Structure formats: structure tokens, C-alpha cells
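the following comprises the amino acid sequence and a computationally predicted model.
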Amino acid sequence: MATSAGRTALKINWAQITTSLGLKGQTVASLQAFKKRNEDVRRKVAILSEAPQEVDFSHYRAILKNQAVVAEIEKAYSSFKPTTYDLNKQLKTIETFETEAIKNAEATKGRVDMELQELEKTLKNIEEARPFEDLTVDDVAKAGPDIDIRTTEMVSKGRWMPAGYKEKFGELSIL
């Protein structure tokens, strides 16, 4: 899209940025806020570009009695110099935002990949695990060495049942 000043404006596909980088959360919210500001400024520029640029002061001199007002406004109008802005600062901000967004997306992707690997490992362990009924006391002791230590300690103190066992499971009955 070409502007009236002959400069070329960059057309941005906002949806593609979000999906291709896999952005989420605060990053997407910041990007949407930036997009809204960008669209507002583009709209204002388009409206101002369509507005008439020249004022016909001779018309106003012909219809107004107070010529001093027209002369004062014409003087102010002709001496007005529009302010120009250095866009490098805004472009640098955009580049910084883009770099930060990509860095956040890559960090998030790395964390998600690590979690997926852990979940796959856990799922494999679950799938390969033997049924509880097939486990031996030695298997349980090997899986949780602290169980053997606690049991030895309880037996040495003359306690045969773990605390809270009766309340939870009732009386132990041996047939």
C-alpha cells in the first residue's frame, strides 16, 4: 500500500504472527494492544490525508468584516511548520518487542517440550508397570527405600501398625 508521500507502508499479517510463533498470554495481549494502536494511527493518518490541505484566505477576506482576524490567522498558518518525528525510535521499539516475543516463544516452547518428554516418560512407566498384585515386598522396598527404614524403626520400637491404619482401614484380621 503506497502513501501519498510516496513511501511504502508495511502490511502486517497479525494473525500469522501469533500462530506461527505460538505466542500465548501476556505476549499476545501486548501484541493485540500494539495492533490496536497501529490501526488507530493508520485510521487517523488516512482521515488527515483526505482533508483539504490549503485554506482559501481570499474567500474569508471577502465574507468577513474583521480583516485583522483573517490576516492574523493567515500569518499563523503560513508560519506553521509541522513537527517531524524520528521514526527510528518507534522502529527500534518494534524490533525490541519482536525480539522479546520470539525469545519468550522459544522459552515457552522449550519448557513445553521438556514437559512433554517428562509426561511421555511417565506414561511409558505407567504402561510398563506391573499390576499391584504382582509386586513383592522386595519390589516395594526397592522402589521406596525409606519404607524399609521406617518399618525397621517401627518394629524396633514395638509398633506393628502404621499410625492411622486402624482409623483408615479398620482392624487387621488374619484368617
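Nice, thanks for sending it over. Residues are numbered from 1 along each chain as shown.

and the gap between Val140 and Ala129?
The gap separating Val140 from Ala129 is 13 Å, by Cβ to Cβ, to the nearest Å. Quick note: C-beta positions are derived from backbone N, CA and C, even for glycine.

what's the first-to-last distance across stretch 124-133?
One end of stretch 124-133 sits 20 Å from the other (Cα to Cα, to the nearest Å).

now the helices: where do they sit in the protein?
14-21, 25-50, 57-63, 67-79, 88-128, 137-143, 145-156, 165-169 (DSSP state H).

output the below-cut-off pLDDT ranges for this structure.
Across the chain, the ranges flagged by pLDDT under 70 are 1-10, 172-175.

give me that answer again for 50
1-6 (pLDDT under 50).

which ones are touching the residue with the shortest distance to the centre of the chain?
Residue closest to the average C-alpha location in the chain (Cα atoms, centre = their mean): Thr27, at 2.3 Å. Shown in contact with Thr27 (Cβ atoms under 8 Å, 6 or more residues apart in numbering): 101, 104-105.

if you set the cut-off to 6 Å instead, what comes out?
By Cβ atoms under 6 Å, 6 or more residues apart in numbering, the residues touching Thr27 are 101, 104.
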